[in-house]
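Peer 1: the sequence isn't on hand, but the structure is:
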Ligand code: PEP
Ligand code: MN
């Protein structure tokens, strides 16, 4: 349930209302500051509550609405239709993810292979317009015989790239016991597709301060995915970005996964959270990446994650889907044109239940 307060409600009245609600009703209440209005979100046993009685708590209450979706905090209704933003401070300044902001580019290799390659890649993707460097230290590989990532030493290499370029760092955390170690280096923690429903990991990343990039599980429905985001939100971390990276379908002959671009407008209608698309894992083939990246912008993605490698043929993981540095540079220019074609700073207001 949400309480929409009138514009200009005094702070003291907001706090009094929250206080009264939490002491008299079986719910937790939290303040959600939207662009236009303050909303009080109520989570708990709300089904038996009468909106009209809650309305009487304060003359500053404009409306009391039920949130029908099972994912409460992640739902767009919870913010009365307004999008949220995730602001990440990097050495080069704040980078904002969300519907009202420019598209954010994230680029880098699948795995961090050496300090030299990651620093070189960071410099080149920065020059091409990327705001974040990606690179795996801990790799979730299908085969235990495949390269598993350099682990902790790769975190040091990412730090060197951060210091050399000022780019923000996105890297995956696979295990709850590594969260602190990864969060010391990463500006955004990635929870990979295979861990989307690792609930203890979700709770752990939800209980720390760094923003979280939550990739869609290989066979996850949109509801599964938003419920996974809800775990992070309910654990106290409001900074969640969703990343569509392709799902498993019956046909894997020509693409590694099926990039579900329709998920972008669907998510936009269901959630306030920023949306990213990863066409690299989505297609598995570098030749398909540029066109799907452009398509992702056309459907309204707020951000793109692209795998880039100085020498894809020699990559220790995901070489076939990695762009060269030159190809990424070219794509980045093309994306600028695409952003101009589609007016992406138009907030899509959700239909409220
Ligand atoms: C990755 O980003 O390198 C990765 C392993 O992604 P996913 O979890 O989407 O497979
Ligand atoms: Mn990869």
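Peer 2: Structure received. Computed from a prediction, not measured in an experiment: that's the story for all the values here. Residues are numbered from 1 along each chain as shown. Ligands and ions are numbered 1, 2, ... in the order given.

Peer 1: use CA for all of it now, contacts and neighbours both
Peer 2: Noted.

Peer 1: what pairs with the spatially most central residue of the chain across the strands?
Peer 2: Centre of the chain computed as the mean C-alpha position; nearest residue by CA atoms, centre = their mean is residue 241, 1.3 Å away. Counting by DSSP bridges, residue 241 forms beta bridges with residue 213.

Peer 1: contacts only, for whatever residue of the stretch 251-353 of the chain ends up closest to ligand 1.
Peer 2: Nearest residue of the stretch 251-353 of the chain to ligand 1 (CA to the nearest ligand atom) works out as residue 281 at 6.0 Å. By CA atoms under 8 Å, 6 or more residues apart in numbering, the residues touching residue 281 are 245, 246, 256, 257, 321.

Peer 1: most neighbours, which of those?
Peer 2: residue 246 (28 neighbours; other CA atoms under 10 Å).

Peer 1: is it true that that residue touches residue 257?
Peer 2: Yes: counting by CA atoms under 8 Å, residue 257 is a contact partner of residue 246 at 5.1 Å.

Peer 1: identify the contacts common to the two.
Peer 2: Shared contacts of residue 246 and residue 257, defined by CA under 8 Å, 6+ apart, are found at 281, 282, 283.

Peer 1: correct me if wrong: the second one contacts residue 261.
Peer 2: Right, residue 282. No: contact criterion CA under 8 Å: residue 282 and residue 261 do not qualify, at 9.6 Å.

Peer 1: out of the contacts of residue 281, which comes closest to residue 37?
Peer 2: Of all the contacts of residue 281, the one sitting nearest residue 37 is residue 245; the distance, using CA to CA, is 33.8 Å.

Peer 1: for that closest one, list the residues it contacts.
Peer 2: Residues near residue 245 by CA under 8 Å, 6+ apart: 193, 215, 216, 259, 260, 277, 278, 279, 280, 281, 282.

Peer 1: go on, residue 114?
Peer 2: Residues near residue 114 by CA under 8 Å, 6+ apart: 154, 157.

Peer 1: gap between it and residue 8?
Peer 2: Distance of residue 114 to residue 8, given as CA to CA, to the nearest Å: 54 Å.

Peer 1: go on, residue 56?
Peer 2: 18 Å.

Peer 1: give me the secondary structure label for residue 276.
Peer 2: strand (DSSP: H, G, I helix; E, B strand; the rest coil).

Peer 1: that one and residue 243 touch, don't they?
Peer 2: Yes: the pair residue 276 / residue 243 is scored as a contact, 4.4 Å apart, by CA under 8 Å.

Peer 1: where does the closest residue to residue 147 other than its chain neighbours land on pLDDT?
Peer 2: Nearest residue to residue 147, sequence neighbours excluded (CA to CA, 6 or more residues apart in numbering): residue 316, at 6.6 Å. At residue 316, the model reports a pLDDT of 97.

Peer 1: can you pull the contacts of residue 316?
Peer 2: 111, 113, 147 are the contacts of residue 316 under CA under 8 Å, 6+ apart.

Peer 1: and for residue 5?
Peer 2: Neighbouring residues of residue 5 by CA under 8 Å, 6+ apart: 37, 38, 39, 40, 60, 61, 62, 63.
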